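*Asks:* Fold the following, please.
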Amino acid sequence: MKILKHPAAQIGLAAVAGIVFGLIVGEWASNVKFVGDLFIRLIQMSIVPLVMTSVIVATGSMSGSGMGRMAFRTFKWMIGFSIVAAVIAWVLGATIQPGAGITFSGGVDPSLPGEAGEATGWQATLLNFVSTNIFAAMSTAAMVPIIIFSLLFGVALNSYVNKTGNRLVVDLLDQAQQVVLIMIRFVMYIAPVGVFCLLAALAGDVGFALVTTALKYLGSTLIGVLIVMAIFVLVVWLRTGLNPGLLPSKLSEQTLIAITTTSSAVTFPTVLRNAVEKVGVSQRVANFTLSVGLTMGSYGAVLNYMIVVMFLAQSGNVELSLGQITMGMALAILLNMGTITVPGGFPVVAMFLATSLGLPFEAVGLLIAVDWFAGIFRTFLNVNGDTFVAMLVAKAGGELDADVYNGTKQVVAEVDVAALEEQFAKADAAD
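*Replies:* Numbering: from 1, shown residues only. Take a look at the predicted model:
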């Protein structure tokens, strides 16, 4: 069948097959997990150079005034929607009370409190946004310092190009970006195999019992994601005037990739291509806004972190003060902007929130057990939210092509999309 040749369909079938296989064979499925881990590492290996080249080329190629306006619009929408997500999470947590009456068993990894303690407060979080050694930041995939360095480098490069007219460095980095995308294309050939192994191991180890135990927690996160998603669609519709009924078909590929990998970074190449070719966002807006959004536009993570705060407080019968609630929202937003976008960061995040707000640790073990499922909801909103912000920024700058959006005009992104179309089907990271 023709549909089976589509990368998204292959990944979807592999995900279902992996879950069924894991449930049948049980813990033995953990023996194939290394294949999935290898696939994720191959993708993660490409993210740092891809983000750096995208941000530098985007900022280095535009006029100074245009760059300033684009940056302001980007951060305005991202921070605004992050605040909305945090407030909605607080309201849902107070209404549904996901932590009330939930029982948990088992201990927490004793190393987690120590790791969480390394983050001493919001001052340290802000300070860590700037690295003293960009190569050290690159080696550890610390995305916010990398993006800040890339922005500053791009601004300096832009000034240099305007003064000298020499675009050698810009052209070199642009070509490097294309090479990295082709490298990702090669890796994407094994995407169905990687997804199968990842989900088989997860199903074999966890099963569905832990999901039902934390049903209210997961349900709160899902409801919040749907509410924020509806707000996104409403705002985009009112600001752009485009038909929102066309969005599902345009977002389906990146959505499927995101929810099967729970990884915004792995999905990034697909989101970048779709924003230009399906939604009508200009190449320069897509490069800049989506690259920044990869780390700083994790609205699903903000929402989930605030629900975690409410869950932990309720599980320990702790009455949060207005100051604690406000601090929880602020920490959720700061963590969104500072957390490395790779799977596995949630345990440290949860322990950091508990430590900072004086909440009990015991319930964290339950949250860790079901975090993969919560990650599906988070990543769904993170990935699509970045596309919506790119649409809003492009519309404000007159760089959103309605003909492309309506399907009456075709454009090609500044990559070999015809060759990459069947390969760009996977997604990034964890929050």
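*Asks:* Could you identify the longest helix within this structure?
*Replies:* Assignment by DSSP state H gives helix 64-96 as the longest helix of the chain.
*Asks:* Show me what that helix is packed against.
*Replies:* Contact partners of helix 64-96 among helices and strands, from 3 or more CB pairs under 8 Å, 6 or more residues apart in numbering; DSSP states H and E: helix 143-164, helix 215-240, helix 283-296, helix 299-315, helix 322-338, helix 371-396. Where C-beta positions appear, they are placed from N, C-alpha and C, glycine not excepted.
*Asks:* Out of these, which gets the lowest mean score?
*Replies:* Among those, helix 322-338 has the lowest mean pLDDT, at a mean of 78.
*Asks:* other SSEs contacting that helix?
*Replies:* Contacts defined by 3+ CB pairs under 8 Å, 6+ apart place helix 322-338 against helix 64-96, helix 122-127, helix 283-296, helix 299-315, helix 346-357.
*Asks:* what's the closest of these to Val57?
*Replies:* Shortest separation from Val57 across the helices and strands packed on helix 322-338 is recorded for helix 283-296, at 6.3 Å, computed as CB to CB.
*Asks:* CA atoms only for the closest one - export them in PDB, please.
*Replies:* Provided in PDB are the C-alpha atoms of helix 283-296 (Å, rounded to 0.1, in the frame of the first residue of the first chain):
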ATOM      1  CA  GLN A 283      12.900  30.800   5.600                       C
ATOM      2  CA  ARG A 284      14.600  33.400   7.800                       C
ATOM      3  CA  VAL A 285      11.700  33.600  10.300                       C
ATOM      4  CA  ALA A 286      11.600  29.800  10.500                       C
ATOM      5  CA  ASN A 287      15.300  29.500  11.000                       C
ATOM      6  CA  PHE A 288      15.400  32.100  13.800                       C
ATOM      7  CA  THR A 289      12.100  31.500  15.600                       C
ATOM      8  CA  LEU A 290      12.100  27.700  15.500                       C
ATOM      9  CA  SER A 291      15.700  27.500  16.600                       C
ATOM     10  CA  VAL A 292      15.100  29.700  19.600                       C
ATOM     11  CA  GLY A 293      11.800  27.900  20.300                       C
ATOM     12  CA  LEU A 294      13.500  24.600  20.500                       C
ATOM     13  CA  THR A 295      14.700  25.400  23.900                       C
ATOM     14  CA  MET A 296      12.800  28.500  25.000                       C
END
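*Asks:* what secondary structure does the nearest residue to Met138 once chain neighbours are set aside sit in?
*Replies:* Nearest non-adjacent residue to Met138, counting by CB to CB, 6 or more residues apart in numbering: Val48, 5.3 Å away. Judged by DSSP: H, G, I helix; E, B strand; the rest coil, the three-state class of Val48 is helix.
*Asks:* Against Ala275, how distant is Val48?
*Replies:* As for Val48, its distance to Ala275 is 21 Å (criterion: CB to CB, to the nearest Å).
*Asks:* and what of Met306?
*Replies:* 28 Å.
*Asks:* Tell me who's in contact with Lys216.
*Replies:* For Lys216, the contacting residues are Ile96, Gln97, Pro98, Gly99, Ile102, by CB atoms under 8 Å, 6 or more residues apart in numbering.
*Asks:* Can you read off the backbone torsions of the third one?
*Replies:* Backbone geometry at Pro98, expressed as degrees, to the nearest 10, gives phi -60, psi -30.
*Asks:* and the helices and strands packed on helix 64-96, which is most packed in?
*Replies:* Most buried of the helices and strands packed on helix 64-96, by mean neighbour count (mean count of other CB atoms under 10 Å): helix 299-315, with a mean of 29.
*Asks:* Tell me the helices and strands packed up against that one.
*Replies:* Short answer (3+ CB pairs under 8 Å, 6+ apart): helix 299-315 packs on helix 64-96, helix 215-240, helix 322-338, helix 346-357, helix 364-369, helix 371-396.
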